[in-house]
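J.: Requesting a structural model of the entry that follows:
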Amino acid sequence: MKKILSALSIITVILYFSSCEKDDICVEGDTPFLVIGFYDADDEDTTVFKTVSSLRIRGIDNDSIYSSDTFSDRSSVSDSILIPLRLDNTTTQFEFISNSATDDATELETGIIDTLSFNYEVGEEYVSRACGFVGNFNELDTTRQVFSSDWIKRITILESDIDLEKSNTIHVKIFH
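T.: Below is the predicted model of the structure:
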């Protein structure tokens, strides 16, 4: 009887450990950023990048100054940047400020400000057990307040769906 119980115990332990899976590590589970390229509005070749001097991007919803691995606050951007879109809303608003500086006397922004709203639908994609779900953005559209002093002349959307497969391509062209 002891031999049978020992054998059953060994079989139970083997079955228990063989059903366990190794811990997964999430390496591919990041929500994609919106990739914006800056182009020359006066050049007939619409693939020519144009530098934006002293660019500042401010989130309107949270009044935060955005900087990332792709650019620093008030730096000159010669080609493209990555910016995050909100997953908890279908609109993200930013102020894009060219020639950004602060007036020493008033401490107010002195650059040229354009306000852009990015509108989209949020979708979820299951990546893996370790990563869970990532957010995708579908049907991207943009609106902006137009003034005579705007530095942005026009905007073209190249990719209206932003997902992991298209995370390294330019989604929006800003001509200035």
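
J.: Check what pLDDT S98 gets.
T.: In this model, S98 is scored at 95, pLDDT.

J.: What is the neighbour count of it?
T.: Neighbours of S98 under the rule other C-beta atoms under 10 Å: 19. For the C-beta atoms, the positions are set from N, CA and C on the backbone; glycine is no exception.

J.: cool, the one 10 residues further on as well?
T.: Taking other C-beta under 10 Å as the criterion, the count of residues near L108 is 8.

J.: all helices of the chain, in order?
T.: Using DSSP state H, the helices of the chain run over residues 2-18.

J.: With just CA atoms, put the lengthiest strand in it into PDB.
T.: If you go by DSSP state E, the chain has its longest strand at strand 112-128. C-alpha atoms of strand 112-128 as PDB (Å, rounded to 0.1, in the frame of the first residue of the first chain):
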ATOM      1  CA  ILE A 112       4.200  81.000 -31.700                       C
ATOM      2  CA  ILE A 113       1.500  78.700 -30.400                       C
ATOM      3  CA  ASP A 114      -0.600  76.300 -32.500                       C
ATOM      4  CA  THR A 115      -3.200  74.200 -30.700                       C
ATOM      5  CA  LEU A 116      -3.800  70.700 -32.200                       C
ATOM      6  CA  SER A 117      -6.400  68.200 -31.300                       C
ATOM      7  CA  PHE A 118      -5.900  64.500 -32.200                       C
ATOM      8  CA  ASN A 119      -9.200  62.600 -32.400                       C
ATOM      9  CA  TYR A 120      -9.300  58.800 -32.600                       C
ATOM     10  CA  GLU A 121     -11.000  55.600 -31.400                       C
ATOM     11  CA  VAL A 122      -9.100  53.500 -28.900                       C
ATOM     12  CA  GLY A 123      -8.900  49.800 -29.600                       C
ATOM     13  CA  GLU A 124      -7.300  47.000 -27.600                       C
ATOM     14  CA  GLU A 125      -5.100  44.200 -28.900                       C
ATOM     15  CA  TYR A 126      -4.100  41.100 -26.900                       C
ATOM     16  CA  VAL A 127      -0.300  40.700 -27.200                       C
ATOM     17  CA  SER A 128       0.500  37.800 -24.700                       C
END
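
J.: Show me what it packs onto, helices and strands only.
T.: strand 91-98, strand 132-144 (3 or more C-beta pairs under 8 Å, 6 or more residues apart in numbering; DSSP states H and E).

J.: right, so of those strands, which gets closest to T47?
T.: strand 132-144 (20.0 Å; C-beta to C-beta).

J.: Could you save the helices and strands packed on strand 112-128 as JSON lines and add columns showing distance to W151?
T.: Formatted as JSON lines, the helices and strands packed on strand 112-128 follow (distance: least, C-beta to C-beta, whole Å):
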{"stretch": "strand 91-98", "distance to W151": "4"}
{"stretch": "strand 132-144", "distance to W151": "11"}
